[in-house]
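Participant: This is a predicted model, with the sequence first.
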Amino acid sequence: MADRPRPDKARRRLIGAIAAGGVCALAPDIAVGGAYEDYFRAVATDGASTVRSLLQRGFDVNATEPQRGDTGLILALREDCMKVFDVLLNAPNVNLEARSGNGDTALMIAAYKTNLPAVKALLDKGAEVNRPGWAALHYAAAAGSNDIVALLLERYAYIDAESPNKTTPIMMAARGGHILTVKLLLDEGADVTLKNDQGMTAIDFAEKFNHKDIAEGLTYRLRKMGKLP
C-alpha cells in the first residue's frame, strides 16, 4: 500500500488544484492529511457529508484556506458547490460577513457568480447588503444580473455605492456593456453624473469600452434632464 501523503504535501496539492480552477471536479483519490485538509477538500468537491461530519466534531466553520483566505462558505460559492453551501449556511456560528483576503464576502461572490438562489438565501439569513467599498451591487452590476440587482435594491442596497476609487454600480454595468442593467439602475434613480477618482462617469466607461449604444442612451437621458446642452 502506498504511503499516505504528508499533510504539508497534501496542502500543496490542494492549493494547486484550487488555483487551477474547477475544483468541484477533483479526482476522489487525492489523499489529504488532517482535519484542515479534509475539510477544504470536501468543500471544494461538494462533499456535504464530510463537511457536516467535521463540523459536528468541532471544526471551525469560519476557518480560512491559504490560497485566497476564503472561508468554506465563500469557497463553496466560488466553486459552485451548493450542497456544501447549504450545510455551511445553516451551520451554527457561521460568519456571513467574513471576508476573503481581497475583501470579498459570500454575498459579493454569489452576486458576481449570478447565483440568485444563493443571494436570496444569504439575504434571508441576514447577510449585510451594504458595506464600505466594493459591495454586492457592484458585483451584480458588473455581471449584468438584473434579477440580482433588482433583489439587492429591494433589500435597500445603496444604488450609488462607491468603491474605494468611487466607482459606482452603474459605472460597472456601463463598463461591461450591460445595457439592460444600466437602464434598470437608471430607472431606479442611479446618478449618472457621478465621477470616480479618475474623473470618469458611466458615459466615459461606456465610451472607453466601446459600448456606443450605452453612451448614447445615457447622453440622451442627461440632455432630457437638462444636465447637458
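Facilitator: Right, received. Where do you want to start? Numbers count the residues shown, from 1 in each chain.

Participant: from here on, contacts and neighbour counts on C-alpha atoms
Facilitator: Fine.

Participant: what's the domain layout of the protein?
Facilitator: Domains of the chain are assigned by automatic domain parsing as 1-99, 105-229.

Participant: E216: which element?
Facilitator: E216 belongs to helix 212-224 when assigned by DSSP states H and E.

Participant: contacts for that helix?
Facilitator: Residues outside helix 212-224 that contact it (Cα atoms under 8 Å, 6 or more residues apart in numbering): A174, G177, I179, V182, V192, A202, I203, D204, A206, E207, L228, P229.

Participant: Likewise for stretch 179-189?
Facilitator: Under Cα under 8 Å, 6+ apart, the answer for stretch 179-189 is 141, 144-146, 149-150, 159, 170, 173-174, 192, 213-214.

Participant: which of the residues you listed are buried?
Facilitator: A141, G144, S145, N146, V149, A150, I159, I170, A173, A174, V192, I214 (16 or more other Cα atoms under 10 Å).

Participant: So which residues of this structure form helices?
Facilitator: Assigned by DSSP state H, the helices in the chain fall at 7-20, 34-44, 48-56, 72-78, 82-89, 106-112, 116-124, 136-143, 146-154, 169-176, 179-187, 202-208, 212-224.

Participant: Tell me which other helices or strands the third one touches.
Facilitator: Under the contact criterion of 3 or more Cα pairs under 8 Å, 6 or more residues apart in numbering; DSSP states H and E, helix 48-56 touches helix 34-44, helix 82-89.

Participant: How far away from the center of its chain is that helix?
Facilitator: Remark: helix 48-56 is offset 24 Å from the chain centroid, using Cα atoms, centre = their mean, to the nearest Å.

Participant: what's the nearest residue to T168 if we skip its chain neighbours?
Facilitator: E162 (5.0 Å; Cα to Cα, 6 or more residues apart in numbering).

Participant: per-residue confidence for the one you found?
Facilitator: With respect to pLDDT, E162 scores 97.

Participant: again, but for V23
Facilitator: 48.

Participant: Next: the one 3 residues further on.
Facilitator: Here the pLDDT value assigned to L26 is 39.

Participant: What of K224?
Facilitator: Value listed for K224 in the pLDDT field: 83.

Participant: How much space separates it from R41?
Facilitator: 55 Å (Cα to Cα, to the nearest Å).

Participant: With neighbour numbers in mind, choose between these two.
Facilitator: R41 (28 against 11; other Cα atoms under 10 Å).

Participant: now that one: how far from I109?
Facilitator: With Cα to Cα as the criterion, R41 and I109 are 19 Å apart.

Participant: try D124
Facilitator: For D124, the distance to I109 - Cα to Cα - is 16 Å.

Participant: So for these two, which sits in the more crowded spot?
Facilitator: I109 (22 against 9).

Participant: And the pLDDT for the more buried one?
Facilitator: 98.

Participant: measure it to E79 for me?
Facilitator: Taken as Cα to Cα, the span from I109 to E79 is 10 Å.
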